[in-house]
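Novice: what follows is a predicted protein model with its sequence.
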Amino acid sequence: MEMAKIGATPGGGCNRQTLTDVDREGRALFRRWCEEAGLTVGVDDMGTMFARRPGRNNELAPVATGSHLDTQPTGGKYDGVLGVLAGLEVVRTLNELGIVTERPIEVINWTNEEGCRFGPAMLASGVFAGTHPRDWALARKDAQGMTFGEALNGGGFAGEEKTGARKLHAYVELHIEQGPILEAEGCDIGVVTTGQGFRWFDVTLKGRDSHTGATPMGRRFDALLGASRIVEQVHQIALAHPNSVGTVGFMEVAPNSRNVIPGLVKFTVDFRHVDGDALAHMADQFMSGAQAIATAQGLEITIDPAGAQPPVHFNPEILNLIRTSADESGYKHRDIASGAGHDAFHIAKVAPSAMIFCPCVDGLSHNEAEEIFPEWAKAGADVLLQTLVTLARA
Ligand SMILES: [Zn+2]
């Protein structure tokens, strides 16, 4: 609730976008809390914060946890924030109980997870894991034309440490589910086994502008009609593949006039699945199907790939630790796939990683009304603590 005051919106949520003044304020508060808990805060050259609690053997790579403190423009109080502050709570609890772990424990605040100001999302963790080159990340621009690098360095957010230089023994991220499954099934804990991969496309359909009154039905090249049939096709492909989703979320129609048959339509396509082969099959079906629809109507179609990420499979040993911790604490849990992207997806490439989900009310997220109950946060933090302590034994 204290963190949520920084960038608080009238609707009860948060607008604490990355590398803004309010982000700086949020980081300063986090740093103060960390230092009060005896942690040493390091910052890398992407602005990511690493708050370290020493272990008995500080030569060993740390066990890390964390998430992000940045939010959407009309974001909630818990997306990302829960994972960072639960890490801090774990450290405070270990301090109170006088528990020293063999390995150090680090609580991380990744820069620009949300991707709303600078795309893509999960930018700093992507650079940390070697998915994106740092120079490419620095050149990303916001809507005002300011680059990520200008905001990062001009705002004094960057540290000295080279991104990715820090080696992690393991990474466990607690996050709200952002979907309705755990609450509906009365579960306290989601054991996140997989992260959905995605395939994105940009599609352009060209037909011919012509008069709506004077052009007979049989002589039209209606790009919007073609687009509509492709939207339905995307929906059907997703329905035909269990546990997948498919969406057209953006569309531009030209000339967008009541009495002109639309000659040009641009739209996006987003397919997601936890199975890489199935995802490839969906993409193939879409491309050939969309081509067939366009050809049948005499439309010209271009389909450009606009991003792809393979599904992520989290570390089976850490997943078992999470299940055991939940069982021992009497928390009801189930395995779950993550529909949203998270920093842990990137970190899984460079360290054994896993995620814990906590339910959220009505599955609502990226919304000012995002809500969780204290018992849910407690369950998530308890399981996170047990998991981290076990991983930090040696
Ligand atoms: Zn998040």
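Specialist: Thanks, I have the structure now. Numbering: from 1, shown residues only.

Novice: Ala165: what's it in contact with?
Specialist: Asp44 (Cβ atoms under 8 Å, 6 or more residues apart in numbering). All C-beta spots, glycine's among them, are computed from the backbone N, C-alpha and C.

Novice: again, only this time at 10 Å
Specialist: Residues near Ala165 by Cβ atoms under 10 Å, 6 or more residues apart in numbering: 44-45, 128.

Novice: among those residues, which are in helices?
Specialist: Phe128 (DSSP state H).

Novice: residues contacting whatever residue of the chain ends up closest to the ion?
Specialist: Closest to the ion within the chain is Gly80: 3.9 Å, counting by Cβ to the ion. Contacts for Gly80 (Cβ under 10 Å, 6+ apart) come out as 14, 16, 66-72, 109-110, 113-114, 173, 175-176, 342-343.

Novice: quick one: low-confidence parts of the protein?
Specialist: The chain contains no residues with pLDDT under 70.

Novice: host element of Gln144?
Specialist: According to DSSP states H and E, Gln144 maps onto no helix or strand at all.

Novice: next: Asp70.
Specialist: Counting by DSSP H and E, Asp70 is part of no helix or strand.

Novice: and it, how many neighbours?
Specialist: 29 (other Cβ atoms under 10 Å).

Novice: quick check, it in contact with Asn112.
Specialist: Yes: counting by Cβ atoms under 10 Å, Asp70 touches Asn112, with 6.2 Å between them.

Novice: so what sits against both of those two?
Specialist: With contacts taken as Cβ under 10 Å, 6+ apart, Asp70 and Asn112 have 17-19, 23, 124 as neighbours in common.

Novice: surely Phe271 touches Phe286?
Specialist: Yes: judged on Cβ under 10 Å, Phe271 makes contact with Phe286 at a distance of 6.9 Å.

Novice: between the two, who's got more neighbours?
Specialist: Neighbours were counted for Phe271 and for Phe286 using other Cβ under 10 Å; Phe271 has more, 27 against 22.

Novice: give me every residue that touches that one.
Specialist: So Phe271 contacts 196-201, 234, 237-238, 241, 244-247, 278-283, 285-286, 308 (Cβ under 10 Å, 6+ apart).

Novice: in helices, which of the residues you listed appear?
Specialist: Mapping those onto helices (DSSP H) picks out 234, 237-238, 278-283, 285-286.

Novice: thinking again about what came up before, list residues touching both of Phe271 and Phe286?
Specialist: 199, 201, 234, 237-238, 246.

Novice: helix, strand, or coil at Ser257?
Specialist: coil (DSSP: H, G, I helix; E, B strand; the rest coil).

Novice: can you get me a residue count around it?
Specialist: If we define neighbours as other Cβ under 10 Å, then Ser257 has 11 of them.

Novice: tell me if I'm right that it and Leu224 touch.
Specialist: No: the criterion here is Cβ under 10 Å, and Ser257 misses it with Leu224 at 11.5 Å.

Novice: break the chain into its domains for me.
Specialist: For the chain, automatic domain parsing gives the domain ranges 3-196+311-391, 197-309.

Novice: let me know which of these is tucked in deepest.
Specialist: Among the domains of the chain, domain 3-196+311-391 has the highest mean neighbour count (mean count of other Cβ atoms under 10 Å), at a mean of 20.

Novice: and that one, how far apart are its ends?
Specialist: Separation of the first and last residues of domain 3-196+311-391 by Cα to Cα, to the nearest Å is 28 Å.

Novice: list the contacts for the nearest residue to Val248 once chain neighbours are set aside?
Specialist: Among residues not flanking Val248 along the chain, Val231 sits closest, at 4.7 Å (Cβ to Cβ, 6 or more residues apart in numbering). Taking Cβ under 10 Å, 6+ apart as the contact definition, Val231 lies against 246-248, 251, 267, 269.

Novice: and what of Leu224?
Specialist: 205, 207, 251, 253-254, 256, 261-265, 267.

Novice: what helix or strand is it on?
Specialist: helix 223-240.

Novice: OK, contacts around Phe118?
Specialist: 17-19, 111-112, 137-143, 146-149, 151-152.
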